[in-house]
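Enquirer: just coords:
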């Protein structure tokens, strides 16, 4: 299959490219390297050292004898989007090229509007380019489980049958996101659903859980590493906890730590995305996957990291709950469904214990790089304080 | 009260200003006159002749001895938004300054993205400016009943209590809009709800039905007319039907004409908005009004226009169903609730028969202006054909 990965230089994009090449697909990609730039702007860096993108592809050409066609540009520019779709005529486009940080979107009006604009417009450009150029192509778009929020009822996969005042209908499940970033993903999902209704575009809308891990089975050596972020803006909970433990910093869940989310290993994320690509939806189909392995509370994960670290490294780890910078429920019901991918053959390989051991092993070799990031780990982006220009 | 009307030059904005002045409020407004420009771009014009905005305010100063402070600019520019909020420090801001045409948003990628960008960003700017400058101010934002779509169950006002798999929660009612324009209103509603959750901003989110009419009780002479659009891009169903009847054109419902929507007279729209302004929500409250008088199918309205016209003018009128340019259900269940405004004292004054007679009377005097618009009345903007740049 010909697969075009938008955001091929990212945490998910890069290992996905490796997997698709391994499985014999023809892979092209686009990126504007904005994440590399934005991470530097907050004085942070990927904990795992990653080569430049051109070095990445040169290495692949040497080791795998495979080429990745690369297009540098911004997919929120419609000309660029049409150019790459016309040039590649892909069977599937995986859209991972959105601003992906909730805290970044809450820094202030400028970042909120930029996230709103870049994310929704990139998806609009993609929908129109596919409609006009290759209407049979499959769009696989990365959303987030965070779109659903934490309702007090079960979370189905995208749609549910409800009875209300004696009548029934199958409707989109109500979304209730927790940051501007998360809301842009909701807006995207709505726009994707509508484009499918009007034009019949094949769409997979992936509600993905929080991804953790340093490796996939294709990352066979350090020079194939994908980026790994732990700072308060660009990092995520479990990855950050491991890094904190490894250099003897307190592990810091936000608030009470009862916030429960779906999680999956990087290996499982890549497996699921590959499955979605290789088994595309029918013409006219809009399908929603809830893509995660298990759900855990943030507090549970902190305790697990502490336990594994103390056992494996025979050193103490400390958990220190810090004031929650976000506005979210810290104790709540959480029961999302995730059946579709499993029914298509997804067998989770994630094993939290083993995964944590492996992550710590990788991070431990880069302790010096984590030390340098100490100042940017603790939360400074406060949801309630998000503010704009003032006069 | 100090009320700032964003979009004060529009179909709703202008009569709202008149009403608020009549009731003794201090009124300021902003507009960039984009609707006047866009309507000209499709070779159309307001059927009722309207003066320039400066003429409008000069006339008011003469007749009412009241001043309207006016700011010319684009509310999708954050600097402009902060400037007017800082300058006016309003008790209430009524946000009517969004791209308001569903067909315009479906013309192609450029118009779709422009609608997405301008509408969502103007609301983001407003939310941040209020949060930073006058956090006690009330935002009254114009949405549309079209956000809900046409579910097979009753439509509550914004939220509903549901039971799903044996558990209960009160959640936002699922939205299912029918054009990019309508979706931007959904995105806005979601963004407003979130800002309220994080910052406690007082918000009224108005899901308004289709407004019809040439007059309110404050439009006491022709020089106070508000704009009245009937072309396929900027006009709306019932107003267009009246204009068609008046110059002997067939009345043209789209498709089978079973599409049912909430409708209200311009008089009722202004009454409801004024009520929302004068009885603001509590600090921390986000409230949703379903704002309409009655619901009718488009076919029913066509028949009513025919009946009234034939009786009043003793001439024949013809109904001609034309192929539906939109993607929508043409026969469906429709039972939206509208209780909140009524419980606050709203008594609908709309009387379809009398209103139609009055509209036809006004339009009949401007038959020559309608004749000139004959070429732009029939639908040319086809949902399925909406397309972007091609290479």
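Expert: Cool, the structure landed. The shown structure was predicted, so the numbers you read here are calculated from the model rather than taken from an experiment.

Enquirer: show me what secondary structure element comes after the lengthiest helix in chain A.
Expert: As assigned by DSSP state H, the longest helix anywhere in chain A is helix A:109-133. Sequence order places strand A:138-144 as the next helix or strand after helix A:109-133, per DSSP states H and E.

Enquirer: all strands for the stretch 51-200 of chain A, in order.
Expert: Along the stretch 51-200 of chain A, counting by DSSP state E, counting those that start in this stretch, strands occupy A:69-72, A:92-95, A:138-144, A:159-164, A:167-172.

Enquirer: can you redo those strands as CSV with mean pLDDT and mean neighbour count?
Expert: To be clear about C-beta, it is placed using only N, CA and C from the backbone, and glycine gets the same treatment. Below are the strands of the stretch 51-200 of chain A laid out as CSV (pLDDT from 0 to 100; neighbours: other CB atoms under 10 Å in any protein chain shown):
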stretch, mean pLDDT, mean neighbour count
strand A:69-72, 98, 16
strand A:92-95, 98, 26
strand A:138-144, 98, 25
strand A:159-164, 96, 16
strand A:167-172, 98, 15
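
Enquirer: now render those strands as a markdown table, adding distance to chain B.
Expert: Converted to a markdown table, those look like this (distance: least, CB to the nearest CB, whole Å):
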| stretch | distance to chain B |
| --- | --- |
| strand A:69-72 | 14 |
| strand A:92-95 | 15 |
| strand A:138-144 | 14 |
| strand A:159-164 | 4 |
| strand A:167-172 | 4 |
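
Enquirer: for residue A:206, phi and psi?
Expert: Taking degrees, to the nearest 10, you get phi -100, psi 110 for the backbone angles of residue A:206.

Enquirer: contacts only, for it.
Expert: By CB atoms under 8 Å, 6 or more residues apart in numbering or on different chains, the contact set of residue A:206 is A:140, A:141, A:142, A:143, A:272, A:273, A:276, A:288, A:289, A:291.

Enquirer: ok, now with 10 Å
Expert: Going by CB atoms under 10 Å, 6 or more residues apart in numbering or on different chains, residue A:206 touches A:94-96, A:140-145, A:189, A:269, A:272-273, A:276, A:287-291, A:341.

Enquirer: so how far is residue A:342 from it?
Expert: For residue A:206, the distance to residue A:342 (CB to CB, to the nearest Å) stands at 14 Å.

Enquirer: got the contact list for stretch A:78-86?
Expert: Contacts of stretch A:78-86 (CB under 10 Å, 6+ apart): A:4, A:6, A:28-30, A:32, A:69, A:71-75, A:77, A:90, A:93, A:97, A:121-122, A:124-130, A:132-134, A:137, B:109-110, B:113, B:388-391.

Enquirer: what helix or strand does residue A:40 sit in?
Expert: Applying DSSP H and E, one finds residue A:40 within helix A:34-41.

Enquirer: please name every helix or strand in contact with that helix.
Expert: helix A:102-105 (3 or more CB pairs under 10 Å, 6 or more residues apart in numbering or on different chains; DSSP states H and E).

Enquirer: can you give the distance from the helix it packs on to the centre of its chain?
Expert: In terms of CA atoms, centre = their mean, to the nearest Å, the centre of helix A:102-105 is set 13 Å apart from its chain centre.

Enquirer: quick one: that helix near chain B?
Expert: No - judged by CB under 10 Å from any CB of the partner chain, helix A:102-105 stays clear of chain B, getting no closer than 10.8 Å.

Enquirer: elements contacting that helix?
Expert: Against helix A:102-105 (3+ CB pairs under 10 Å, 6+ apart) you get helix A:34-41, helix A:109-133, helix A:180-199.

Enquirer: ok, back up a step: narrow the contacts of stretch A:78-86 to just the buried residues.
Expert: A:4, A:6, A:28-30, A:32, A:71, A:73-75, A:90, A:93, A:97, A:121-122, A:124-130, A:132-134, A:137, B:109, B:113, B:388 (16 or more other CB atoms under 10 Å in any protein chain shown).

Enquirer: where exactly do the helices run in the stretch 151-300 of chain A?
Expert: Applying DSSP state H, counting those that start in this stretch to the stretch 151-300 of chain A gives helices spanning A:180-199, A:237-246, A:266-278, A:298-313.

Enquirer: quick one: average pLDDT of the longest one?
Expert: In other words, helix A:180-199. Averaged over helix A:180-199, pLDDT sits at 98.

Enquirer: against which helices or strands is it packed?
Expert: Packed next to helix A:180-199, using 3+ CB pairs under 10 Å, 6+ apart, are helix A:102-105, helix A:109-133, strand A:138-144, strand A:167-172, strand A:202-208, strand A:286-291, helix B:109-133, helix B:180-199.

Enquirer: how about those in TSV, adding distance to residue A:243?
Expert: Converted to TSV, the helices and strands packed on helix A:180-199 look like this (distance: least, CB to CB, whole Å):
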stretch	distance to residue A:243
helix A:102-105	17
helix A:109-133	24
strand A:138-144	22
strand A:167-172	37
strand A:202-208	21
strand A:286-291	24
helix B:109-133	33
helix B:180-199	28
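
Enquirer: which residue does the stretch 1-150 of chain A have closest to chain B?
Expert: residue A:128 (3.7 Å; CB to the nearest CB).

Enquirer: quick check: that residue touching residue B:113?
Expert: Yes - with contact defined as CB atoms under 10 Å, residue A:128 reaches residue B:113; the gap is 8.7 Å.

Enquirer: isn't residue A:368 right up against residue A:247?
Expert: Yes - between residue A:368 and residue A:247 there is a contact under CB under 10 Å: 9.0 Å.

Enquirer: same drill for these two, tell me which one is more crowded.
Expert: Set residue A:368 next to residue A:247 and count neighbours by other CB atoms under 10 Å in any protein chain shown: residue A:247 wins out with 17 against 8.

Enquirer: with adjacent residues omitted, what lies nearest to the more buried one?
Expert: residue A:370 (4.8 Å; CB to CB, 6 or more residues apart in numbering or on different chains).

Enquirer: next one: residue A:290
Expert: residue A:338 (4.3 Å).

Enquirer: so who does that neighbour touch?
Expert: Going by CB under 10 Å, 6+ apart, residue A:338 touches A:145, A:155, A:157, A:207, A:209, A:262, A:264, A:272, A:289-295, A:346, A:348.

Enquirer: buried ones among those?
Expert: Neighbour counting by 16+ other CB under 10 Å classes A:145, A:155, A:157, A:207, A:209, A:262, A:264, A:272, A:289-293, A:295, A:346, A:348 among the contacts of residue A:338 as buried.

Enquirer: nearest to residue A:163, of those residues?
Expert: Nearest to residue A:163 among the buried ones among the contacts of residue A:338: residue A:155, at 17.7 Å, using CB to CB.

Enquirer: so where's chain A shaky on pLDDT?
Expert: A:390-391 (pLDDT under 70).

Enquirer: which residue sits farthest out from the middle of it?
Expert: Largest separation from the mean C-alpha position in chain A: residue A:166, at 39.3 Å (CA atoms, centre = their mean).

Enquirer: that one contacts residue B:333, correct?
Expert: No - Residue A:166 is beyond contact range of residue B:333, at 11.9 Å (criterion: CB under 10 Å).

Enquirer: give me the common contacts of those two.
Expert: B:153, B:154.

Enquirer: for the stretch 251-391 of chain A, what lies in contact range of chain B?
Expert: A:326-328, A:333, A:335, A:337, A:383-391.

Enquirer: most widely separated two among those residues?
Expert: A:337 and A:391 (48.5 Å).

Enquirer: wait, what's in contact with residue A:173?
Expert: Neighbours of residue A:173 in contact, by CB under 10 Å, 6+ apart: A:147-148, A:151, A:153-160, A:162, A:207, A:288, A:336, B:164, B:171, B:174.

Enquirer: over to residue A:351?
Expert: A:265, A:267, A:293, A:357, A:358.

Enquirer: which single one of the residues you listed is nearest to residue A:310?
Expert: residue A:357 (12.3 Å).

Enquirer: what number of residues lie near the closest one?
Expert: Considering only other CB under 10 Å, residue A:357 is surrounded by 16 other residues.

Enquirer: that older thread, what do residue A:128 and residue B:113 both touch?
Expert: Contacts common to residue A:128 and residue B:113, judged by CB under 10 Å, 6+ apart, are A:78, B:388.
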